[in-house]
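**Q** Give me a 3D structure for the following:
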Amino acid sequence: MAIVNQGISGARILRDRMGDNALARFDRDVLSQPNADTVVLMMGINDIGWPDTILVPKGEPAPSANDVIAGYKQIIDRAHANGLRIIGATLTPFAETFEGTPLYGYYSEEKEAKREALNAFIRSGAFDGVIDFDAVTRDPSKPKFIRKEYDKGDHLHPNDTGYKAMAESIDLGLLGVKQ
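**A** Model (predicted):
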């Protein structure tokens, strides 16, 4: 088995900024991979978090949860049209992300509602399977927050322990590994 990681820091489903958006690069990054059979998609947090921060031009409208879901549906359809299975990975908690930094504004209750809507869609059966990173990383007593022991310090990105827990939570059968 080979795994190709096409993740780009700061990437978004719908709009460019730190590289091309996922809809624009899906053919290049995924469909062009020889012998690919499964895609794992974990994107969307930057689509909802970036608006109202210094990361987007003033006046760029914030996408709704339905806008991002429409992007997911396009990617799912394109994967299926090319014979690929596609696994959705839920978005991890992000309360207080970048608080006290120039990127403050990345999190809000309105944005949390969008994350919850995206995770509900990811869990809805639209994907061929789900990896529930939200369930793995969230603080059981404060579900909008990443667990302290998994937090890299910005309240968004996991640390090595968090990434290890995420990796160990993956049902390898979803990736076609016979166990």
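**Q** From here on, just use CA atoms for contacts and neighbour counts.
**A** OK.
**Q** all helices of this protein, in order?
**A** 22-26, 45-49, 65-81, 109-122, 133-137, 160-169 (DSSP state H).
**Q** which helices and strands does the last one pack with?
**A** Read it as helix 160-169. helix 133-137 (3 or more Cα pairs under 8 Å, 6 or more residues apart in numbering; DSSP states H and E).
**Q** Would you mind pulling the contact partners of the helix it packs on?
**A** Contacts with helix 133-137, where a contact means Cα atoms under 8 Å, 6 or more residues apart in numbering, come from 89-93, 146-147, 150, 162, 165-166, 169.
**Q** cool, and stretch 109-119?
**A** Residues contacting stretch 109-119 (Cα under 8 Å, 6+ apart): 44-45, 48-49, 64-65, 68-69, 90-91, 94-95, 144.
**Q** that older thread, is it possible to get TSV of the helices of the chain that adds mean pLDDT and distance to I13?
**A** Below are the helices of the chain laid out as TSV (pLDDT from 0 to 100; distance: least, Cα to Cα, whole Å):
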stretch	mean pLDDT	distance to I13
helix 22-26	92	5
helix 45-49	95	7
helix 65-81	97	6
helix 109-122	98	12
helix 133-137	98	18
helix 160-169	97	22
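**Q** can I get the ones you listed in CSV with distance to V39 and mean neighbour count?
**A** Below are these laid out as CSV (distance: least, Cα to Cα, whole Å; neighbours: other Cα atoms under 10 Å):
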stretch, distance to V39, mean neighbour count
helix 22-26, 10, 17
helix 45-49, 18, 23
helix 65-81, 8, 17
helix 109-122, 14, 18
helix 133-137, 16, 21
helix 160-169, 15, 15
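**Q** Could you dump these into CSV and include distance to E99?
**A** Conversion of those to CSV gives the following (distance: least, Cα to Cα, whole Å):
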stretch, distance to E99
helix 22-26, 27
helix 45-49, 12
helix 65-81, 23
helix 109-122, 14
helix 133-137, 19
helix 160-169, 20
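**Q** P102: which of those helices is closest?
**A** helix 45-49 (13.5 Å; Cα to Cα).
**Q** Quick one: list the elements packing against the closest one.
**A** Packing partners of helix 45-49 (3+ Cα pairs under 8 Å, 6+ apart): helix 109-122.
**Q** what angle separates the helix it packs on from helix 65-81?
**A** For helix 109-122 against helix 65-81, the angle by axes from the mean of the first three to the mean of the last three Cα atoms, to 10 degrees is 30 degrees.
**Q** Tabulate the contacts of helix 133-137 (CSV), appending distance to M1.
**A** Shown next, in CSV, are the contacts of helix 133-137 (distance: Cα to Cα, whole Å):
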residue, distance to M1
A89, 20
T90, 23
L91, 25
T92, 27
P93, 30
I146, 31
R147, 31
Y150, 28
G162, 24
A165, 21
M166, 19
S169, 18
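**Q** ok, so of those residues, who is nearest D27?
**A** Looking across the contacts of helix 133-137 and measuring by Cα to Cα, the closest to D27 is A89, at 19.8 Å.
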